[in-house]
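Enquirer: One predicted model, sequence on top.
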Amino acid sequence: MDFNLHSPERRLIDLKIEHADLNAMVDLTAHAVPIDELMLRRLKKRRLLLRDLIARLELTLEPPEPA
């Protein structure tokens with residue numbers, strides 16, 4: 001796959017990578033002693049935002065099939 005650096009497909013890949021990185025950071029932060037609640041909330045909020053962006057972008061790239 002030869003994606004342009006600014007193509008929607010490339011943006012989707014980048015967002016998925018960032019989401020995976022945030023998952024790892026949330027896990028590390030949740031298991032740290034002491035737990036940094038503020039950091040954990042910020043990471044989770046960013047992760048939710050990315051999930052929504054990914055879902056919207058996927059819908060624009062692959063519209064749902066008609067029934």
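Expert: Perfect, I can see it now.
Enquirer: and the longest helix for this protein?
Expert: helix 37-61 (DSSP state H).
Enquirer: now that helix, how far from the centre of its chain.
Expert: 5 Å (C-alpha atoms, centre = their mean, to the nearest Å).
Enquirer: Report the buried residues of that helix.
Expert: 40, 43, 47, 50, 54, 57 (16 or more other C-beta atoms under 10 Å). (Each C-beta comes from the backbone N, C-alpha and C, glycine too.)
Enquirer: separation between the fifth one and residue 40?
Expert: Residue 54 is 21 Å from residue 40, where distance means C-beta to C-beta, to the nearest Å.
Enquirer: The last one now?
Expert: Between residue 57 and residue 40 the distance, using C-beta to C-beta, works out to 26 Å.
Enquirer: Check the secondary structure at the residue nearest the centre of the chain for me.
Expert: Central residue of the chain (C-alpha atoms, centre = their mean): residue 19, 2.9 Å from the mean position. Here residue 19 takes the helix state, with states given by DSSP: H, G, I helix; E, B strand; the rest coil.
Enquirer: quick revisit: average pLDDT for the longest helix of the chain?
Expert: The average pLDDT for helix 37-61 rounds to 95.
Enquirer: residues in contact with that helix?
Expert: 8-9, 11-12, 15-16, 18-19, 22-23, 25-26, 29-30 (C-beta atoms under 8 Å, 6 or more residues apart in numbering).
Enquirer: Are any of those residues buried, and if so which?
Expert: By 16+ other C-beta under 10 Å, the contacts of helix 37-61 give 11-12, 15, 19, 22, 25-26, 29 as buried.
Enquirer: So which of those is the closest to residue 62?
Expert: Comparing these against residue 62 with C-beta to C-beta picks out residue 12 as the nearest, at 10.2 Å.
Enquirer: so what's the closest one up against?
Expert: Shown in contact with residue 12 (C-beta under 8 Å, 6+ apart): 54, 57-58, 61.
Enquirer: Same list (those) but as JSON lines, adding distance to residue 34.
Expert: Formatted as JSON lines, the contacts of residue 12 follow (distance: C-beta to C-beta, whole Å):
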{"residue": "54", "distance to residue 34": "32"}
{"residue": "57", "distance to residue 34": "37"}
{"residue": "58", "distance to residue 34": "38"}
{"residue": "61", "distance to residue 34": "42"}
